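*Asks:* could you look at this predicted model? Sequence included:
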Amino acid sequence: MGEMYTKHADKYAEAIENNAYNALYERPSTLALVGDVNNKRVLDLGCGPGVYAELFAKQGAAVTAIDLSEEMVALTQRR
């Protein structure tokens, strides 16, 4: 599985960025469940391309992002 995400990391990141499911349903629902992360430490396991890591960091969290795919981690670091 990790190999697939490494091979297709850029395409995956592009696909989930603004599609209706991720942008309008999954992401807002998840963020509502997590709540306020300001001044908290957040562990983003399976961080993918770093969408949540970036959002949490912008909200004032100290984020540790981990993924099986090194390319996904690289995408997260670039965000």
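*Replies:* Looks like it arrived, so ask away.

*Asks:* export only the CA atoms of the helix or strand of the chain at the bottom of the mean pLDDT ranking, formatted as CSV.
*Replies:* Least confident helix or strand, the chain: helix 2-7 with a mean of 78, by mean pLDDT, DSSP states H and E. In CSV, the C-alpha atoms belonging to helix 2-7 read as follows (Å, rounded to 0.1, in the frame of the first residue of the first chain):
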residue,chain,number,x,y,z
GLY,A,2,2.8,2.4,0.9
GLU,A,3,4.4,1.9,-2.5
MET,A,4,1.1,2.9,-4.3
TYR,A,5,0.9,6.2,-2.3
THR,A,6,4.6,6.8,-3.0
LYS,A,7,4.2,6.2,-6.7
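
*Asks:* and the strands in this protein?
*Replies:* Taking DSSP state E as the criterion, the chain carries its strands at 41-45, 62-66.

*Asks:* turn those strands into TSV, columns for mean neighbour count and distance to residue 14.
*Replies:* Where you see a C-beta, it was placed from the backbone N, CA and C, and this is true even at glycine. Output for the strands of the chain, formatted as TSV (neighbours: other C-beta atoms under 10 Å; distance: least, C-beta to C-beta, whole Å):
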stretch	mean neighbour count	distance to residue 14
strand 41-45	13	19
strand 62-66	16	19
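
*Asks:* okay if I get the ones you listed as CSV plus distance to residue 30 and mean pLDDT?
*Replies:* Output for these, formatted as CSV (distance: least, C-beta to C-beta, whole Å; pLDDT from 0 to 100):
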stretch, distance to residue 30, mean pLDDT
strand 41-45, 11, 98
strand 62-66, 15, 98
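
*Asks:* for this protein, list the residue farthest from the centre, please.
*Replies:* For the chain, the largest distance from the centre (C-alpha atoms, centre = their mean) belongs to residue 39, which lies 18.5 Å off.

*Asks:* what's near enough to touch it?
*Replies:* With contact taken as C-beta atoms under 8 Å, 6 or more residues apart in numbering, residue 39 is in contact with 60-61.

*Asks:* alright, calling it a day.
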